[in-house]
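> Generate a structure from the sequence data that follows.
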Amino acid sequence: MVPIDIGSLEGKSPTEVAELTLNSGALNDTNQIETVFQFLENGDAFQNVDEFLTAVTNSSELPAISIAVRDIVMNLTFNIISTHFPTFDTADWEAWFKVKLVLVLPSFTAEMLTTTISNIGCTNYQVVVEGIGSVFGNMDSEKTLEIAKILVSHLTEFLSQFKSPACQNNIKDDSDWLKVNLGPFADKVDYSELKELNITGLAVLGSLSPEQKVNLLLDSTTGALENVSVVTEVFSSILQSPEQMDKFFEYFVQIGSLEGKSPTEVAELTLNSGALNDTNQIETVFQFLENGDAFQNVDEFLTAVTNSSER
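Alright, predicted model coming up:
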């Protein structure tokens with residue numbers, strides 16, 4: 001394979017540059033891909049990148065691309081196309097987020113998402129969610145959490161709009177609403193945040209993660225744990241998936257072990273359980289502390305933790 005340099009690109013169209021890129025190994029070489037974009041940025045950068053990515057993704061199977069190159073392409077492409085977002089119609093959003101960006105979309109960041117959805121309506125927002133949701137499995141866990149937080153924050157801020165009839169085309173119930181507005185990122189959302197979005201836990205039971213189901217049962221405001229029919233329904237949904245069952249009981253034990261304890265007692269458990277070295281456990285601890293007077297609880301908890309470390 002002949003490496004790409006600026007000289008080899010002179011006089012070529014973006015489509016021809018795409019062909020060279022695919023045949024040169026540039027999708028696995030950061031220096032070569034930066035040279036490609038340096039060339040594409042000359043003239044009408046938006047049109048050039050549009051034509052280039054259309055040609056690159058125009059095959060029955062997407063080409064292999066290294067993560068480092070993917071990050072560069074996503075970043076450089078976003079810098080070019082984001083200035084055109086105000087002029088995008090729904091067809092444009094669909095073309096970019098369902099076709100042209102699909103190769104590099106796993107490198108889409110929470111910061112990019114914030115910019116993207118800052119001034120768009122619910123229909124185009126839902127297109128973006130569908131697009132990034134399609135590559136959810138190719139994103140690392142930290143990124144999916146960051147994206148989930150941005151989506152929830154946006155939905156919370158504009159909840160009345162997203163619950164209006166104009167934003168609920170083909171949405172029959174809460175499960176549809178979650179799927180359309182959060183996609184697979186719904187699994188990364190705290191149960192308490194779903195409640196703030198006016199989502200009824202039992203209505204979306206099939207869409208909840210094991211952790212969310214545990215928190216549904218332990219929600220003191222609903223008394224779900226004392227309702228036989230609710231408990232039966234939750235456990236029936238868990239029994240359908242052995243993997244969910246294992247995770248459910250793991251979370252249930254973690255959260256249930258804190259019930260009825262003071263923040264000082266929770267601090268002692270935290271110190272003795274290894275939670276200070278386990279992100280899942282410490283998130284469970286703070287989820288518990290946030291019930292009631294969160295400020296007072298965290299104050300007492302951290303006081304107890306720091307007093308212990310001084311002994």
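> which residues of the stretch 151-300 of the chain fall in helices?
159-162, 174-181, 191-196, 210-217, 228-239, 242-256, 263-273, 279-289, 294-310 (DSSP state H, counting those that start in this stretch).
> who does the fifth one touch, helix- and strand-wise?
It refers to helix 228-239. Judged by 3 or more Cβ pairs under 8 Å, 6 or more residues apart in numbering; DSSP states H and E, the packing partners of helix 228-239 are helix 210-217, helix 242-256. C-betas here are computed from N, CA, C, even on glycine.
> Pick the most buried one from the helices of the stretch 151-300 of the chain.
Highest mean neighbour count among these (mean count of other Cβ atoms under 10 Å): helix 210-217, with a mean of 23.
> what distance separates that helix from the centre of its chain?
19 Å (Cα atoms, centre = their mean, to the nearest Å).
> cool, stretch 160-178 as well?
20 Å.
> Could you do stretch 262-273 as well?
For stretch 262-273, the distance to the chain centre is 31 Å (Cα atoms, centre = their mean).
> one step back: comparing the helices and strands packed on helix 228-239 by mean pLDDT, which bottoms out?
When the helices and strands packed on helix 228-239 are ranked by mean pLDDT, helix 242-256 comes last with a mean of 65.
> what's the nearest residue to T156 if we skip its chain neighbours?
E196 (6.0 Å; Cβ to Cβ, 6 or more residues apart in numbering).
> typo on my end, it should be A186
L178 (4.8 Å).
> separation between that neighbour and V69?
34 Å (Cβ to Cβ, to the nearest Å).
> same question, S175
Taking Cβ to Cβ, one finds S175 at 38 Å from V69.
> What of I147?
Distance of I147 to V69, computed by Cβ to Cβ: 21 Å.
> same thing with P106?
For P106, the distance to V69 - Cβ to Cβ - is 12 Å.
> cool, W96 as well?
For W96 relative to V69 (Cβ to Cβ), the value is 19 Å.
> same thing with T200?
In terms of Cβ to Cβ, T200 sits 44 Å off from V69.
> next one: L194
37 Å.
> ditto for I282
Going from I282 to V69 by Cβ to Cβ gives 35 Å.
> and if you look at S262?
In terms of Cβ to Cβ, S262 sits 52 Å off from V69.
> So for the two, which residue has more residues nearby?
Comparing S262 with V69 by other Cβ atoms under 10 Å, the one with more neighbours is V69, at 23 against 12.
> Can you classify the closest residue to the more buried one other than its chain neighbours by secondary structure?
Leaving aside its sequence neighbours, V69 sits nearest to I33 (Cβ to Cβ, 6+ apart; 4.9 Å). Three-state call for I33 (DSSP: H, G, I helix; E, B strand; the rest coil): helix.
> now do the one 5 residues further on
Going by three-state DSSP, the secondary structure assigned to Q38 is helix.
> Can you list the low-confidence ranges for the protein?
Flagging of the chain using pLDDT under 70 yields the residue ranges 1-3, 5-7, 220, 225, 242-258, 272-275, 309-311.
> how many neighbours does L218 have?
For L218, using other Cβ under 10 Å, the count is 20.
> same deal with V73?
27.
> Return the residues in contact with it.
Each residue near V73 by Cβ atoms under 8 Å, 6 or more residues apart in numbering is listed here: I33, F37, I65, L103, V104, S107.
> Make sure F39 is actually in contact with L20.
No. The criterion here is Cβ atoms under 8 Å, and F39 misses it with L20 at 10.1 Å.
> Mutual contacts of those two, please.
By Cβ under 8 Å, 6+ apart, the residues touching both F39 and L20 are L9.
> Only the buried residues of the host helix or strand of F46, if you could.
F46 belongs to helix 45-57 when assigned by DSSP states H and E. By neighbour count on 16 or more other Cβ atoms under 10 Å, the buried set for helix 45-57 is A45, N48, V49, D50, E51, F52, L53, A55, V56, T57.
> what does stretch 114-127 give?
Those buried within stretch 114-127 under the rule 16+ other Cβ under 10 Å are T116, I117, I120, C122, N124, Y125, Q126, V127.
> Could you check how far the first one is from N169?
T116 sits 21 Å away from N169, going by Cβ to Cβ.
> Likewise for the fifth one?
Using Cβ to Cβ, one obtains 13 Å as the distance from N124 to N169.
> Check S82 too.
27 Å.
> report the angle between the axes of the helix or strand containing A148 and helix 174-181?
For A148, the host element (DSSP H and E) is helix 141-157. Taking axes from the mean of the first three to the mean of the last three Cα atoms, to 10 degrees, one finds that helix 141-157 is oriented at 110 degrees with respect to helix 174-181.
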